[in-house]
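K.L.:
Model the structure of this input:
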Amino acid sequence: MEPRDPDLIDLLVAERALDRARLVWSAREARRASGVAWSGMSPPPCAPRSKDARLHEAHAKLAARRQWRESARGRFVSAIAEVQSLARAVHAGGERAREAAARGFEDDLETCEAIARDLRRQTLALITGLRAARRAVRDAADQRLDRQDRQI
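P.N.:
Okay, the predicted model is just below:
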């Protein structure tokens, strides 16, 4: 996980934003409690975290995210999300194909052929995503059987 890792940079930006939000919230709550207030009702002191603390937290979150993505559940959810995206693209491509055919099928065969090629490519990618989802389910089932075997 080098400093130029885009996932790490995104998490560092989010950590900075979280610090800013905490400071804003703390200042707002401190203003609310600045008048007459019950003892102990003011917010706890809030200071921005050090750069190293934010970096450490971002590394921890990135490691957890990557561990989840590599798990059977993470791979399954990622594959299904990809399949859903591809299904929307296939549907949109089908609509474009019908529109092109309605405008003049014989006059625009090249466009119809190009759309059909795109639909084929997207459909093959969709099938690949479904296979990845099924592999993730099989891996989870295998892991469950392995755990059961160890308990026996």
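K.L.:
so what's the one residue sitting closest to the centre of the chain up against?
P.N.:
Of all residues in the chain, the one closest to the mean position by C-alpha atoms, centre = their mean is residue 78, 7.8 Å from it. Residue 78 is in contact with residue 69, counting by C-beta atoms under 8 Å, 6 or more residues apart in numbering. No exception for glycine: its C-beta is placed from N, CA and C like everyone else's.
K.L.:
helix or strand for it, which one?
P.N.:
Using DSSP states H and E, residue 78 maps to helix 72-104.
K.L.:
ok, now which ones touch residue 143?
P.N.:
By C-beta under 8 Å, 6+ apart, the contact list for residue 143 reads residue 72.
K.L.:
Just give me how far the helix or strand hosting it sits from the chain centre.
P.N.:
Assigned by DSSP H and E, residue 143 belongs to helix 109-151. Centroid separation for helix 109-151 versus its chain: 18 Å, with C-alpha atoms, centre = their mean, to the nearest Å.
K.L.:
now swap in stretch 66-86 and tell me
P.N.:
Averaging C-alpha positions (C-alpha atoms, centre = their mean) puts stretch 66-86 9 Å from its chain's average.
K.L.:
Would you mark the buried spots in that stretch?
P.N.:
Under the neighbour-count criterion of 16 or more other C-beta atoms under 10 Å, stretch 66-86 has 72, 75, 76, 78, 79, 82, 83, 86 buried.
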